[in-house]
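Peer 1: Sequence and predicted model, in that order:
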Amino acid sequence: MKKKCLLVLAFLVCLCTGAIAQTKNVSGTVRDADDGHPLSGVSVRQTGGAKAVPTDQQGRFTITVTAGALLEFYAIGYEPQQIRAGAQDSLIVRLKSKDKQLGEVVITAYGNTRKQAFTGTAAVISNEKFKDLQVSTVTGVLQGNASGVLAITSSGQPGENPTIRIRGIGSFNASNDPLILLDGTPYSGSINSINPGDVESITVLKDASSTSIYGSRAANGIIQITTKRGKGKSHFEFSGLTGFSRRAVKEYSTLNATQYYEMAWEALRNDARDNPALLTQFNVPTPEAYASKQVAPRLVYNPFNVAQPVGENGKIDPNAKMLWNDNWMDEMTRTGIRHDLNMNVSGSDAANTIRYYLSGGYIQDQGLQKESEFKRYSGRAKIDATPVKWLQVGVNSSLAYSYQNYPYQGNAAASNGIGFARTIAPIHPIYLRDWKTGDFLLDGSGNKVFDFGNNTTVLGVQRPAAQNRLFNQGQNPSATTSINPITNERLTANGNAYVGVDLFKGLSFKSQYSIDYNQIDNNTFWNPFYGDGTTSGGLSFRSITLLYAQNFSNAFTYDNTFGQHHVNVVAGMEAFRRVSEITTTQRTGFTYAKPTQPSYGTTSTAEGYKETFRLQSYFARAAYDLSDKYHLSLSIRTDGATRFAKDVRWGVFYAAGASWNLDKEQFMENVDFLSQLKLKASYGTSGNQALPGSFPYLGTYSAGANVGSTPGSIINTVANTSLSWETQKQLDLGVEFGVLKDRITGSFVYFDRRSAHLLFNRPLPNSTGINFIADNVGGVKNAGFEIELNTLNLRTSKLEWRTSVNVTKLKNVITEVAPGTNQVLGGSWYEWFIPQYAGVDPTDGKPMWYKDDAANAGNKVTTKKYSEATRYHLGNKLSDYTGGITNTIRYRNFDFTVLASFAIGGKYYDADYAALRNGMVNFGNNASMDVYKRWQSPENPGDGLTPKLSTTADNSAASSSRFLYDLSYMRIRNITLGYRFPEGLLKRAHISNARVFADLQNAFTVFGGPKGADPEAGVDATTSGNNTTTNKIFSIGINVGL
C-alpha cells in the first residue's frame, strides 16, 4: 500500500512539473502598420483568458500564456488581430487602421466602383458615420454631412417631407428634386417612409460623370440609398429610445397686457396730436385725455378691473388689477414625446449561399403644437441567394404605414395655431370670462366656453359697445385644433427582385424589376359650429391618391483585367411606368361635429383624374484604367418620354470623366508625406423632363362656356408641340488628397452646372385672347466649389479624435432672361427684389423708402409714400458658404459626437417678425418688444428705424429691406454621448454588443436675426407664419446585439 502511495505522489509531481513547463512568458512590441509608431494601451490577452495586459508607452508588453496559445490584440481605431504564440519569446505586432480608403467602394448607378477608380463626385455617408445619430428620417442624415446638399424641413411638423437640393436650383418651374435610388432602382415613394435603421449607406452622386447614365431622371443629382443585407452568423439587433421635444428657438419677445395697453395709448395720443379735431369731436382737452378715454373702447377687450386703465401719464393705473392673463402660446404648444423602436435579424448559412435580413420598426413623434403627430410602422425582408456558383437571385420588399395628424390650418388670417398665438394681443382670453370678476363662464354642464371673439350674448354676457374681437373674430384655434382634424395616412409598399447570371469569365447579366405602390389618404374636417366651417355648415374634404410605379431594367456587364489594363462595360435598357390616380370628395352641410366623413354631409362635389407616364431608356457605360493610375469613363443614354410630342420625345445625354492617381507614379515615391493624390475631371449633359402635368405640350379647354342654350368651351392654354427637355451641361474639376499616412484626407471640387431651355409661360399679345404659352425659354448657371476635409487629430490605444468638415460655395446666375419676369441678366434667381427701407424721418417719425431720382439718373431720394418706392435687388437668399462640422471622440468605451451645420452670408426675410412691427396700426394684433425702440420726438428718435406709434396705416411693416437680415448662422444639430459595455462582461450574458446613449438634436442656434427667428425657414429664406419651428429633441436609448 505504501508503495502505491509513493507511485501516485510521484505521478502528481511529474504532472505539476509538466504543467509548469507548458506556460511561458511572451514579450513583444505593438506598432502602427502604417507609420511604425509604437502603440500604447493595446489590450493583449490569451483567447478565452480573463485577464488582459496593456502595452506601455513604447508599445511593449509581457504576458504569461500557455505555450501555443492564441493571442488577441485590440485597440480603438484598429483592426483586431490574433497571433499564435509559437516557440519565439518576442513578437513584433503591426495593427492596421480601420479607416484605410484603398478598399472603399462608391455605389454608383448600375454598379459599384472602387473609390480610387471613381472619376465622378460623390458624398458617401456610411452607416458607421450616422448609426449613432438619432434621426427619424433618412433625410436627417444628410443635414450637415454632405457638401453641396441642402436638406431643409421648414416645418416642425413631424414626418414632413423635406426639400432636398443638390448644387442649387436648375429649373424654375420643373422639378428640382433629386432621383432617389433604393438598392439600385428608382424609388417613387416618400423618402420618409424608409426606416433609417435599415440603411447601410447613403451616396449622393453630384456630377455628370456619375449621374448622366440616368439621363433625364438625374438632372438634379442622385441619392443612392443602400439597405442592409445579411452576412455571417445569425445576429439579432434591437435599438430603442424615448425622449421629448421642445422648440429649438425661443419665441419672439412680445408685449404683455400692461405694455400693450400703454403702447396703444401712445398711438392714440399721437393720432390726436396729428389730428387736433379729435379733441373737439370727443370733447377732451388734451391728446393725453383723448387717449386715456378711448384706449379701452377702441381695444374692445379690457382685462383690467377699471374702466379707464391708462392714466393721462400713459401708465397703467396703479390700482388696476388683471382679471385674466392668458398665454395663447402655452395653450397651443406642449412638450412632445418621441418613441423609436427598431429590431432586425440577419445572417447567412454556413456556406454563405443564402443571406437574409429581416427588420421591423415603429416611431411615434409628437410635434410642438398640440394635435401634431407622426407615427410610422415599417418592415423589411431582404434575401440574397447564390444557389449555384454562376447564379445570383434576390428579393427585397418593404411595407410602411405612416399616420400624420396636422394642427388645424384654416383659410382665415392667422387661424393656424402658432401664427394665431404669436400675433393675437395678450388682452384676449382663451375662454369666455365675466367682464367684472374675470371668472370663467361655464355652460350648463359646468364646462368652460371658448371665446371666439363674437359679439354674442352667450351665457347672458355681451361685449362692451357690442363689438366683435378686432383680431380674427370667429377664430379660436385652441378650440378648433382638436375638433377640426387634418390627417394624412400613407401606405407604401416596395418590392424589388433581381436575377444575375455569370455567362462566362468577365461577362454577366442582371435583370431587375421593382414596383412601388403608394396610397395617400388626406382628410380635412371643419366642424359646423366654430371657426371657418360655420359659413358652410361644416366641411369635409377627402382626397385619395394612388401612385403605382414599375421599373424594369436589363443590363450586361463585362469586367476583366488584362495585365495592367482593366475594363468595365455596362449596356442595357430600362422601362419605367407610373400611374397616378386622384379622387377628391367634398361635402358641406353637417348637422353634427362627428362623424367627420363626407357621407354625413348634405351637399357634395367630387372630381378625379388618372394619368400615366412612361419612360423608355437605353444606356451604356465604359470604364478603363491602366495600372490603377489612369482612369477613363464614358457613358451615354437615350430617353423617350411620353411627356413630350413625338417629334421631340427622345433625348440623348452623354458624359465623360477621367482621373489620374499621381501618388502611384514613380516620381512621387519619395514624397513620403503624401499618401493619396488624385486629379479628376468630368463633363456631361442631362435633361429634365419632370415638367408640370403629364402632357404639358397639349392645349387645354374649359367646358361650360355656353352661348345661350348652346354648350361650348374656351381655350385655357395653347398647345406647343415643340415644348421639349430642359437641358443641362455640367463640368467638374477636382483633386483628392491624403497626407501623413491618411491622417488628413480631403477633396476640392469646382463645378459649373448650366441649365437652358427652361420652362416658362411666354406672354402672348392681347389680340390672341390668350395670356401665355408654355415654352422653353430662360437659362441659369449654378457654379461654385466643394471642400471636404477629414482629420485624425489624435489616436492612442484608448483615445481617438476625428474631425470632418465640408464647405460649399454656390453662386446662381441668370444666363437667359425669361419674358414677363423681373429677372436681370447676370443677376440671381435667389435675389431679393423689394423696396429699400430708408428709416424714419427724424423730424416727424414717419417711415421712408428710397426711389430713383428722376432728375439725376443713378441717384436715390427718399419718399414717404410706399407706392412710390423703387424695387431694388437687395441681396441674395443664397448663403455664400454652407457646410457642416463633425467631431467624434472615443475614449475607452465612451463615444462623443457633435455635429454642427452652418451658413455664412445671404439674406433672410422675416415675415413673422414683420407682422409684429406694424406700429399698433392693427389694434388686436400683438407687437414686438422692439416697439420700445420707436421714434418719440426729434430729441428722442429711437433707433432711427422704428416709426412713431399710430393707428393710421403707414406701410411701415410692408415688404421692404427693413426685415432683411443676415442669414449667417451655426446650429449644433446633434450632440451624442454613448457608452459601450465591455465585451468580456457581455459574453457572460451571450450578448455581442450593447450601448447606451443620450442624444440632443438642435441643441442651440447662433443667429443674428430677430430673437424668435429660425434661419432654416426654407429654401426661399422666408418665414410663412403658419409653420411650427424646428424642434429640440432630447432622447435616451439603448442598442443591443445578440
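Peer 2: That came through fine.

Peer 1: Just the terminal-to-terminal distance for stretch 590-604.
Peer 2: In stretch 590-604, first residue to last residue: 11 Å (CA to CA, to the nearest Å).

Peer 1: Kindly confirm my reading that Ala914 is in a strand.
Peer 2: No. According to DSSP: H, G, I helix; E, B strand; the rest coil, Ala914 belongs to no strand; its state is helix.

Peer 1: check contacts around it.
Peer 2: Ala957, Ser959, Arg962, Phe963 (CB atoms under 8 Å, 6 or more residues apart in numbering). Any C-beta I mention is one placed from the backbone N, CA and C, and that applies to glycine too.

Peer 1: in a helix, that's where the third one is, yeah?
Peer 2: Yes. Counting by three-state DSSP, Arg962 is found in a helix.

Peer 1: Which pLDDT does the model give the closest residue to it other than its chain neighbours?
Peer 2: Excluding the flanking residues, the one nearest Arg962 by CB to CB, 6 or more residues apart in numbering is Tyr837, at 3.8 Å. Listed pLDDT for Tyr837 reads 97.

Peer 1: For Tyr837, which residues are in contact?
Peer 2: Tyr837 touches Pro847, Met848, Trp849, Tyr850, Leu945, Ser960, Ser961, Arg962, counting by CB under 8 Å, 6+ apart.

Peer 1: thinking the second one is in contact with Lys864, fair?
Peer 2: Yes. With contact defined as CB atoms under 8 Å, Met848 reaches Lys864; the gap is 5.5 Å.

Peer 1: What about the contacts of Tyr837, which one has the most neighbours?
Peer 2: Neighbour counts for those (other CB atoms under 10 Å) peak at Trp849, which has 28 neighbours.

Peer 1: what's the spacing between that residue and Gly919?
Peer 2: 15 Å (CB to CB, to the nearest Å).

Peer 1: ok, back up a step: now for Met848 and Lys864: what residues contact both?
Peer 2: With CB under 8 Å, 6+ apart as the test, Met848 and Lys864 both reach Asp841.

Peer 1: Now do Pro938: how many residues are near it, please.
Peer 2: 11.

Peer 1: my read: it touches Asp841, true?
Peer 2: No. Applying CB under 8 Å as the test, Pro938 and Asp841 come out as separate, 9.6 Å apart.

Peer 1: Would you mark the buried spots in the host helix or strand of Phe525?
Peer 2: Secondary structure from DSSP states H and E places Phe525 in strand 507-526. Within strand 507-526, the residues that count as buried by 16 or more other CB atoms under 10 Å are 508, 510, 512-520, 522-526.

Peer 1: again, but for stretch 379-393
Peer 2: Neighbour-count burial for stretch 379-393 flags Gly379, Arg380, Lys382, Ile383, Asp384, Ala385, Thr386, Gln392 (criterion: 16+ other CB under 10 Å).

Peer 1: for stretch 390-403, same thing?
Peer 2: Gln392, Gly394, Asn396, Ser397, Ser398, Leu399, Ala400, Tyr401, Ser402, Tyr403.

Peer 1: gap between it and the chain center?
Peer 2: Relative to its parent chain, stretch 390-403 has a centroid offset of 25 Å by CA atoms, centre = their mean, to the nearest Å.

Peer 1: now stretch 938-950
Peer 2: 41 Å.

Peer 1: what's the span of it from first residue to last?
Peer 2: Note: stretch 938-950 ends 16 Å apart using CA to CA.

Peer 1: average model confidence for that stretch?
Peer 2: 95.

Peer 1: and for it, what are the contacting residues?
Peer 2: Contacts of stretch 938-950 (CB under 8 Å, 6+ apart): 263, 266-267, 270-271, 274, 837, 839-840, 842-847, 917, 919-921, 930-931, 933-936, 954, 956, 962.

Peer 1: domain assignment for this protein?
Peer 2: For the chain, the domain assignment from automatic domain parsing gives the residue ranges 19-95, 105-233.

Peer 1: out of those domains, deepest packed?
Peer 2: Mean neighbour count (mean count of other CB atoms under 10 Å) peaks for domain 105-233 among these, with a mean of 22.
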